[in-house]
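> Turn this into a model:
(one chain, ligands or ions: 1)
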Amino acid sequence: MRLLFFLVLFLVSCTLFALRIPKWQIREPVDLSWDVDEDSLYWPGIQSFFYSRKVAHFDEENRWYAMSEFCTGEHGGTHLDAPYHFYKYGWKVGDIPLQRLIAHAVIVDMSDIVHRLGPNIQLQEADLIDWERIHGPIPTQCVLLVRFGWSKYYKYRDLYFGLNGTEMEFPGIAEDAAQWIVNSKKIVGVGVDTASLDYGMSTTFPTHRILFENSIYGIENLNIPRHLPARGFNVLVMPMKLKEGTGAPARVVAIPDVILTGDPCSALELSTSAVPWYGHTSVVLSSLLLLGMYAINCFTL
Ligand SMILES: [Zn+2]
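Numbering: from 1, shown residues only. I've put the predicted structure just below:
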């Protein structure tokens, strides 16, 4: 009877811990891209998106037909920056291997710091070291997403670029953090929810250069919602396959690990990463605790 009681207690405990785990994951795909249309934001001086031709009508026999043609710069809205953008010998968009566009993802959330210290802050090497101390090592073959909480300004161009006379003010990634990312050898791409990997005040773009010289691509103007977890999901980064592109509009989607489990793309090793370390540890600790209680109970009676 006592054994049955502890067995039930053990199963209930495991179930409760198992139920906690999904809180730290996503259950369905989350779109991290902005719509592409005439409201898409482009870096000042770059050709904005516009429809050069739009056809939409019923013909004389009442059959519908629609088609459009459009014109756009490469670097606008949610888009990928190919290494060639700032490095002569780097990959162009069409050269980037697919294995680097379907990858694990982590999020470093800087939004509270931006809220406290203002738009000119930069992600530092120390922030990345702190992140690994709290969340564990960054997985290999990973896209590092930095959430500055800047998406909320995307619909307001002046606020988003932080236009202040001839200067721009918005957060970005510092040079020492870019070097840390390169040295980690685990990161294939870096994405931000601002208009540039470098912060708005930069005029020389060192972070772009450091990353691109090491075949790490960029993603800019992401829409990263607050509810995404720090780790435990994957991203699909799907730029238009512009063979010669220095960049390209991209659809970027966060997906649960489980969607890719069993996929022939075995190099991704996705099956176990869905469960964070505390998920496993909690179950093990609860098992040991209950077994200990059971043993004490046996010896004391
Ligand atoms: Zn760009």
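
> interface residues of the protein facing the ion?
With C-beta under 5 Å from the ion as the criterion, the chain comes near the ion at residues 75, 81, 220, 247. In this view, the C-beta of every residue, glycine as well, is placed from N, C-alpha and C.

> ok, now how distant is the last one from residue 107?
With distances defined as C-beta to C-beta, to the nearest Å, the gap from residue 247 to residue 107 amounts to 22 Å.

> Could you check how far the residue in the chain that the ion sits nearest to is from residue 249?
Across the chain, no residue is closer to the ion than residue 75, which sits at 3.6 Å (C-beta to the ion). Separation of residue 75 from residue 249 (C-beta to C-beta): 9 Å.

> Would you mark the buried spots in stretch 239-253?
Buried residues in stretch 239-253, counted by 16 or more other C-beta atoms under 10 Å: 239-240, 242, 245-250, 252.

> Among these, which lie within strands?
Secondary structure from DSSP state E places 239, 247-250, 252 of these in strands.

> Kindly present those residues as TSV, with separate columns for pLDDT.
As requested, these are arranged in TSV below (pLDDT from 0 to 100):
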residue	pLDDT
239	98
247	98
248	98
249	97
250	98
252	98
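
> And those, which two are furthest apart?
Maximum pairwise distance in these, criterion C-beta to C-beta, is 13.3 Å, between 247 and 252.

> pLDDT below threshold where in this structure?
Scanning the chain for pLDDT under 70 picks out the ranges 1-24, 258-301.

> which residues of it fall in strands?
According to DSSP E, the strands that the chain contains are 30-31, 50-58, 64-71, 79-81, 102-109, 122-123, 142-147, 172-173, 187-192, 217-220, 233-239, 247-256.

> how about JSON lines for these, with distance to residue 133 added?
Compiled in JSON lines, the strands of the chain are given as follows (distance: least, C-beta to C-beta, whole Å):
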{"stretch": "strand 30-31", "distance to residue 133": "26"}
{"stretch": "strand 50-58", "distance to residue 133": "47"}
{"stretch": "strand 64-71", "distance to residue 133": "46"}
{"stretch": "strand 79-81", "distance to residue 133": "29"}
{"stretch": "strand 102-109", "distance to residue 133": "12"}
{"stretch": "strand 122-123", "distance to residue 133": "15"}
{"stretch": "strand 142-147", "distance to residue 133": "16"}
{"stretch": "strand 172-173", "distance to residue 133": "19"}
{"stretch": "strand 187-192", "distance to residue 133": "17"}
{"stretch": "strand 217-220", "distance to residue 133": "25"}
{"stretch": "strand 233-239", "distance to residue 133": "21"}
{"stretch": "strand 247-256", "distance to residue 133": "24"}
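
> before we move on, the earlier item: ok, the residue of the chain closest to the ion - how many residues close by?
Neighbours of residue 75 under the rule other C-beta atoms under 10 Å: 23.

> ditto for residue 53
Residue 53 has 9 nearby residues by other C-beta under 10 Å.

> Residue 66 is in contact with that one, correct?
No: look at residue 53 against residue 66 with C-beta atoms under 8 Å: they stay out of range, at 11.3 Å.

> residue contacts, residue 243?
Each residue near residue 243 by C-beta atoms under 8 Å, 6 or more residues apart in numbering is listed here: 92-94.
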